[in-house]
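A.B. asks: sequence and computational prediction follow.
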Amino acid sequence: MDESAAATGTTSPTERPACIAVRGLTMAYGSFVVMRDLNFTVGRGDIFIIMGGSGCGKSTLLRHMIGLIEPAAGEVCYGAFNFTKAGPQARERMLRRFGVLYQAGALWGSMTLAENVGLPLEEFTDLSPNEIRQIAALKLALVGLKGFEDFYPSQISGGMQKRAGLARAMALDPEILFCDEPSSGLDPISSRLLDNLILDLRDNLGATVVVVSHELASILAIGDNSVFLDGESRTMIASGDPKELLAHSTDPRVHRFLTRGADGRRTA
């Protein structure tokens, strides 16, 4: 992206084919508008960052994109499929193509890691218990948790819980992976490991990844494209490669966010 494109929030002419399109989206709780007039596309195979300050509506936007909250206006489309206007059965079929890593991992404390990862397989496939166990073990191995199949969430660290949550999100080999603040609450080393896992999963499995984050190091390390939400104006004020926005954006709000602390990059 050239300087003028980065400054104005336009996208590169060489961007990947659109996988997700958000059009005219307005998010509101009753008469209170959280964000209005959101328009952006997510390229197939991108790691796309939803960024902005705390409380601006980043996680709310993700919930709109996966159908947990209905928009006050606008729509979300996946390819030619209008998710917002689709009926319950069509939505359910589309949801099977998604994987979601929630902010706290959202693991069931009474179930082992293998049982947690196996839940989507039990619900959406006809696989035998032995086959589900084998796939769960494979997914856990992919995130560095081989040998932890029979551990409970309370027996492992927060970083390991996030990785187990990522394994569960990948259980059905989703086309699109949504991650809500994956690095939140992690130490720098654990956060970097999780970033690398997300990159590896995208590169090896070809998934498109949408990440909600305010963690600057992660944003710059993994993001191919992004949208910046501004809580004061209640709309998006920039989009593009986060590194290009860091180098070229002339909006003081974007520049201030992307230059927090030293140079904003991890050393661990």
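C.D. replies: That came through, no problem.
A.B. asks: show me what contacts G223?
C.D. replies: 47-49, 211, 241-243 (CB atoms under 8 Å, 6 or more residues apart in numbering). All C-beta atoms are positioned from the backbone trio N, CA, C, and that covers glycine.
A.B. asks: my guess is I198 meets I222, correct?
C.D. replies: Yes. I198 lies in contact with I222 (CB atoms under 8 Å); the separation is 5.8 Å.
A.B. asks: now for these two: what residues contact both?
C.D. replies: Here I198 and I222 have 47, 211 as joint contacts, going by CB under 8 Å, 6+ apart.
A.B. asks: the strands in this structure, which residues?
C.D. replies: Assigned by DSSP state E, the strands in the chain fall at 18-29, 32-43, 47-52, 73-78, 81-82, 98-101, 176-180, 208-212, 225-230, 235-239.
A.B. asks: so what are the sheet partners of the third one and their directions?
C.D. replies: Sheet pairing here is set by DSSP bridges, and for strand 47-52 it gives strand 208-212 (parallel), strand 225-230 (parallel).
A.B. asks: dump these into a markdown table; add mean neighbour count, mean pLDDT and distance to R93 as well.
C.D. replies: Output for these, formatted as a markdown table (neighbours: other CB atoms under 10 Å; pLDDT from 0 to 100; distance: least, CB to CB, whole Å):
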| stretch | mean neighbour count | mean pLDDT | distance to R93 |
| --- | --- | --- | --- |
| strand 208-212 | 25 | 96 | 18 |
| strand 225-230 | 24 | 97 | 27 |
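A.B. asks: pipe those into CSV and attach distance to R23 per row.
C.D. replies: Shown next, in CSV, are these (distance: least, CB to CB, whole Å):
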stretch, distance to R23
strand 208-212, 16
strand 225-230, 13
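A.B. asks: wait, which of these is closest to D180?
C.D. replies: strand 208-212 (4.8 Å; CB to CB).
A.B. asks: run the chain-centre distance for the closest one.
C.D. replies: Strand 208-212 has its C-alpha centroid displaced from the chain centroid by 3 Å (CA atoms, centre = their mean, to the nearest Å).
A.B. asks: what residues does the longest helix along the chain touch?
C.D. replies: Identified as the longest helix of the chain according to DSSP state H is helix 188-205. Residues from elsewhere that reach helix 188-205, judged by CB under 8 Å, 6+ apart: 45, 47, 142-144, 157-159, 162-163, 166, 170, 173, 177, 179, 182-183, 186, 207-209, 211, 215, 217-218, 221-222, 266-268.
A.B. asks: any weak-confidence spans in the stretch 151-268 of the chain?
C.D. replies: Counting by pLDDT under 70, the ranges of the stretch 151-268 of the chain that qualify are 261-268.
A.B. asks: go again using 50 as the cut-off
C.D. replies: For the stretch 151-268 of the chain, applying pLDDT under 50 flags the ranges 262-268.
A.B. asks: neighbours of S157, how many?
C.D. replies: Neighbour count of S157, defined by other CB atoms under 10 Å: 11.
A.B. asks: what's the neighbour count on the closest residue to it other than its chain neighbours?
C.D. replies: Nearest residue to S157 in three dimensions, chain neighbours excluded: S190, at 7.5 Å (CB to CB, 6 or more residues apart in numbering). Using other CB under 10 Å, S190 has 18 other residues around it.
A.B. asks: how many residues are close by R256?
C.D. replies: Neighbours around R256, by other CB under 10 Å: 10.
A.B. asks: distance check, it against A207.
C.D. replies: 32 Å (CB to CB, to the nearest Å).
A.B. asks: and if you look at S213?
C.D. replies: According to CB to CB, S213 stands 17 Å off from A207.
A.B. asks: ok, Y102 next?
C.D. replies: 17 Å.
A.B. asks: so between those two, which is more surrounded?
C.D. replies: More neighbours surround A207 than the other of Y102 and A207, with 21 against 18 (other CB under 10 Å).
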